[in-house]
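J.: Sequence and predicted model, in that order:
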Amino acid sequence: MKYEMTDERKGPLCRIRAKKSFANITAGDLGGWIEKAENLSQDGNAWVFGDAEVSGFARVSGNARVYDNARVFGFARVSGDAWVSGFARVCGDALVYGNARVSGFARVSGDARVCGNARVSGDAEVFGDCEESIEYDTGNAEVF
């Protein structure tokens, strides 16, 4: 197991602690907050940092990172090498994957997909059946 849930609670959420070293995480490092073990994969280098929260049926896996004050909840998925940071929210059935970055006060919700090298930042909202992606090597999508 790469992490354990500590006794430190914030409502229904528990703080996590690394049980082994991986990526830039050292055994014993405290992480962010999850509601249940299913929210964060024990495989790969996925991690929840600081005051970030993952709850509901949401899942973070692969090498994904959720940090700062970001929230991932509902049935949302963050995977691959994706990052969610700042005060960003990813919820509903939204997927953030590949090398995508969601930051600032951005919101990704509904059935939205943010993938490839896409960047969603500032106060941007991606929702419904929207898809922001760059699957080819001509630059990065940016939604501000």
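T.: Noted; the coordinates are in hand.
J.: Which secondary structure element of this structure has the lowest mean pLDDT?
T.: Of all helical and strand segments in the chain, the minimum by mean pLDDT, DSSP states H and E falls on strand 142-143, at a mean of 46.
J.: what residue is smack in the middle of this structure?
T.: Residue closest to the average C-alpha location in the chain (CA atoms, centre = their mean): residue 66, at 3.8 Å.
J.: So in terms of bridging, what pairs with it?
T.: Beta bridges link residue 66 to residue 48, residue 84, judged by DSSP bridges.
J.: who's in contact with it?
T.: Residue 66 makes contact with 32, 47-49, 52, 54, 60, 72, 78, 83-85, according to CB atoms under 8 Å, 6 or more residues apart in numbering. Where C-beta positions appear, they are placed from N, C-alpha and C, glycine not excepted.
J.: between these, which is closest to residue 115?
T.: residue 78 (11.0 Å; CB to CB).
J.: Distance check, that closest one against residue 7.
T.: Counting by CB to CB, to the nearest Å, the separation of residue 78 from residue 7 is 26 Å.
J.: ditto for residue 60
T.: 22 Å.
J.: again, but for residue 34
T.: Remark: distance between residue 34 and residue 7 (CB to CB) = 14 Å.
J.: joint contacts of these two?
T.: Common neighbours of residue 34 and residue 7 (criterion: CB under 8 Å, 6+ apart): residue 14.
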